[in-house]
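Visitor: Sequence first, predicted model second:
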Amino acid sequence: MLSDLGWLKKVKIWDGTREVEVTPENELAVRPPCKRLFDQHFNGSSLNTLHWINNNLGSGSVAIAESFCNMTVTTVNGDSVEIYSLQSFVQIFSQLNSFKCGIVLEEEDLANNTRIWGMRNPTTNDGWYFRLQNGILQACTEHDGVVTAVSIDSYKPTDGYVHRYDAIYRNYKVVFYVDQVEVHTTLATTDHLYDNESLKLYFRNYNTGITTASVSLKLEGIALFDNTSSITEIAGIDDDGLIKKVAVTTTGRLKIDTAPPDAPDETTPVVRTEYSSVSSSDDDVYIVPDGETVLIQRFVGGAETDSTAGNVVELWYDPLGTGIGMEIIDMIFCSGSGDQHDLREAILGDGTKAIRMRRRRFSGGSKEIFGRWEGYF
């Protein structure tokens, strides 16, 4: 993120519970304040029966050691081990839930074995989950027992190390992440992805045939959150320790409220400002000096509240200086509001070329309209 004084070194978001992180794509990721629904490491030597239900078939087993929950099956067909949360987590309609867990997968490319981790209702056979089946990692949704699976070909996390698996989910959308990288998004089309809103944390390791080796699914930790609130204020600190407040535009972009740009040394600043009542349109025309290149840095527009039509402040490149054959540079629509855009538009003058700022009403009488652009040559 750039300010006028350089790269922002640190970003802080105020409301007491928010954190900020940089994603693997070097983008700012905001972790919203949320309600923690479930958060557990596997300490001790046995599975906590206050939180978990354990079902084993054949030689399937669960062991707790070194802060891992190790779910193991042997090579026998039909071996199965399943754990799921005693509590069901009913979703709020207006909020997305966040699922996070650490998983270790050691055995690779084993036919006849399936490992599952995610959110599922084992009674109604509804939910979503990651699945490693016959050595292929998949993103799955399940609706009344019918599974829709998409292979995640770019990931093969069977190296014996802990990998992080996240998902943000609602019954019309599930976004799957591996090691904080988005790997797949599933969207509902004509129906919900799953019908039952009461899902459980769900993990299973099972054989559908004879395998060549015993297979484990190791859980390092699990967390589930309900994201419930919105951003209140963001600020960044620049190289000089000055706080720069950040706003969010209507397009969802971060907009930094910085000081007006200064013209570099040994240049001539150009500032054109117009503020008056406008009934149809009003133009301010600046002729670019012959042989000089004007660099436009900032464009600002605003108008009083308008309940009848609307207003726009436009910035045009006028090559003939007559208002004919112009090319639009930027525009700001405004009614009871104002906005500013940072620009880097260069225009070489010949004594005729002009920069035309037009304040215009669409209809409905006169309104006070403000326009300003700044630059230098």
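Guide: Alright, I've got the coordinates. Residues are numbered from 1 along each chain as shown.
Visitor: Just give me the neighbour total for residue 43.
Guide: 9 (other Cβ atoms under 10 Å). Where C-beta positions appear, they are placed from N, C-alpha and C, glycine not excepted.
Visitor: Show me where this structure has its helices.
Guide: Read by DSSP state H, the chain holds no helices at all.
Visitor: tell me the domain ranges of it?
Guide: For the chain, automatic domain parsing gives the domain ranges 34-227, 269-376.
Visitor: Quick check: which of these is nearest to residue 240?
Guide: Between residue 240 and these, the shortest gap by Cβ to Cβ is with domain 269-376, which sits at 19.4 Å.
Visitor: low-confidence ranges in the stretch 201-350 of the chain?
Guide: 227-239, 241-261, 308-309 (pLDDT under 70).
Visitor: So what's the residue count around the residue nearest to residue 65 when sequence neighbours are not counted?
Guide: Excluding the flanking residues, the one nearest residue 65 by Cβ to Cβ, 6 or more residues apart in numbering is residue 45, at 7.0 Å. Neighbour count of residue 45, defined by other Cβ under 10 Å: 8.
Visitor: With residue 186 instead?
Guide: Residue 186 has 19 nearby residues by other Cβ under 10 Å.
Visitor: Over to the one 3 residues further on?
Guide: When neighbours are defined as other Cβ under 10 Å, residue 189 has 6 of them.
Visitor: could the domains of the chain be laid out in TSV, adding distance to residue 262?
Guide: As requested, the domains of the chain are exported to TSV (distance: least, Cβ to Cβ, whole Å):
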stretch	distance to residue 262
domain 34-227	39
domain 269-376	8
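Visitor: quick one: which of those domains is nearest residue 263?
Guide: Smallest distance to residue 263 across the domains of the chain (Cβ to Cβ): 3.6 Å, for domain 269-376.
Visitor: picking that back up, per-residue confidence at the residue nearest to residue 65?
Guide: Residue 45 carries a pLDDT value of 87.
Visitor: try the one 5 residues further on
Guide: Per-residue confidence (pLDDT) for residue 50: 88.
Visitor: Not counting its neighbours along the chain, what's nearest it?
Guide: Nearest non-adjacent residue to residue 50, counting by Cβ to Cβ, 6+ apart: residue 86, 7.1 Å away.
Visitor: Same check on residue 147?
Guide: The shortest distance from residue 147 to any non-neighbouring residue, by Cβ to Cβ, 6+ apart, is to residue 140 (5.5 Å).
Visitor: For the nearest residue to residue 182 once chain neighbours are set aside, give its distance to residue 355.
Guide: Excluding its sequence neighbours, the residue lying closest to residue 182 (Cβ to Cβ, 6+ apart) is residue 175, at 6.2 Å. Using Cβ to Cβ, to the nearest Å, one gets 45 Å for the distance from residue 175 to residue 355.
Visitor: More neighbours: which of those two?
Guide: Comparing residue 175 with residue 355 by other Cβ under 10 Å, the one with more neighbours is residue 355, at 24 against 18.
Visitor: ok, the closest residue in space to that one that isn't next to it in sequence to residue 350 distance?
Guide: Residue nearest to residue 355 in three dimensions, not counting chain neighbours: residue 286, with 4.7 Å by Cβ to Cβ, 6+ apart. Note on residue 286: its distance to residue 350, by Cβ to Cβ, is 14 Å.
Visitor: of these two, who's got more company?
Guide: Counted by other Cβ under 10 Å, residue 286 and residue 350 do not tie: residue 286 has more neighbours, with 19 against 13.
Visitor: Pretty sure the more buried one sits against residue 354.
Guide: Yes - applying Cβ atoms under 8 Å as the test, residue 286 and residue 354 come out as touching, 6.1 Å apart.
Visitor: Quick check: which ranges of the stretch 51-200 of the chain have low pLDDT?
Guide: 91-95, 154, 156, 190.
Visitor: Which parts of it are strands?
Guide: 52-57, 61-65, 68-73, 80-85, 89-90, 97-104, 113-121, 126-133, 136-143, 146-151, 162-170, 173-178, 181-187, 198-207 (DSSP state E, counting those that start in this stretch).
Visitor: mind listing what the longest one pairs with, with the direction of each?
Guide: It stands for strand 198-207. Within its sheet, strand 198-207 is paired with strand 80-85 (antiparallel), strand 89-90 (antiparallel), strand 113-121 (antiparallel), according to DSSP bridges.
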